[in-house]
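>>> return atomic coordinates for the entry below.
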Amino acid sequence: MLDQLLNLVKGEAQSAVVNNPDVPDEHNEGIMQEAVNSIKGGLQNELAGGGFQNVLKTLGGQGGGVQGNSIVNNITGNFANNIMQKFGLSSGTAQSVASSLIPSVMGKLINKTNDPSDSSFSLDSIFHSLTGGQTSGMNLGGILQSVTGGSLDQNQDGKVDLSDVTSMIGKAAQGQQGGLGGGILGAVKGLFGGK
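Now for the predicted structure:
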């Protein structure tokens, strides 16, 4: 994923970095690599902070675009700080480069991830890379559909949490007839197709 992401950054960096007179030429490659690191690190930090659903929605094209997206904003701010410190860019230049480059790259990443005719990025491959393979075998497209379709968000509060699981168990318990009746064991078995 990182090579494809670097190619995406290079494709978007022409005006923001390469042709920018405020960015010394000797720092072009380093700044582009830092953009890749900032994007990957920002997404990993969001996942580590419990933002799995936010990352899934954003990369799945369900996050309302890049403008005003909290993940994109965090990555942009961190990238600006990093290039200011590492490459000695002024605050204004760093902010300008970051606000031009990161939203553009994230927008392209989201578009490519959701384009069925483009196999360079997929939700599965991105999450596999971000989590070190911990999401192998998961159907992230199906999970995204469940999250955005509201089937997992039982109380419609915009997040999937313990209250949603409790609600699903309660509904399953009400639907059980005979056998285990409405007991919690029956509810849990009902969620997984047991009888």
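>>> which residues sit in contact with residue 67?
Shown in contact with residue 67 (Cβ atoms under 8 Å, 6 or more residues apart in numbering): residue 103. Glycine gets a C-beta too; all of them are placed from N, C-alpha and C.
>>> what's the closest non-adjacent residue to residue 111?
residue 61 (7.8 Å; Cβ to Cβ, 6 or more residues apart in numbering).
>>> residue contacts, that neighbour?
Residues in contact with residue 61 (Cβ under 8 Å, 6+ apart) are 110-111, 113-114.
>>> what number of residues lie near residue 86?
Residue 86: 13 surrounding residues under other Cβ atoms under 10 Å.
>>> that one touches residue 34, doesn't it?
Yes - counting by Cβ atoms under 8 Å, residue 86 touches residue 34, with 6.6 Å between them.
>>> follow-up on the earlier one: mind checking the backbone torsions on the residue nearest to residue 111?
phi 80, psi 20 (degrees, to the nearest 10).
>>> what of residue 117?
Torsion angles, degrees, to the nearest 10, at residue 117: phi -90, psi 0.
>>> give me phi/psi at residue 67?
Main-chain dihedrals, residue 67, degrees, to the nearest 10: phi -70, psi 120.
>>> what pLDDT is listed against it?
In this model, residue 67 is scored at 88, pLDDT.
>>> any weak-confidence spans in the protein?
Applying pLDDT under 70 to the chain picks out residues 134-195.
>>> who are the packing partners of the helix ranked longest in it?
Using DSSP state H to define each element, the chain has its longest helix at helix 91-113. When contacts are defined as 3 or more Cβ pairs under 8 Å, 6 or more residues apart in numbering; DSSP states H and E, helix 91-113 packs onto helix 2-13, helix 28-48, helix 52-59, helix 70-87.
>>> out of the contacts of residue 61, which are buried?
For these, a burial check counting by 16 or more other Cβ atoms under 10 Å picks out 110, 113-114.
>>> reformat these as a markdown table; add distance to residue 53.
Below are these laid out as a markdown table (distance: Cβ to Cβ, whole Å):
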| residue | distance to residue 53 |
| --- | --- |
| 110 | 16 |
| 113 | 16 |
| 114 | 17 |
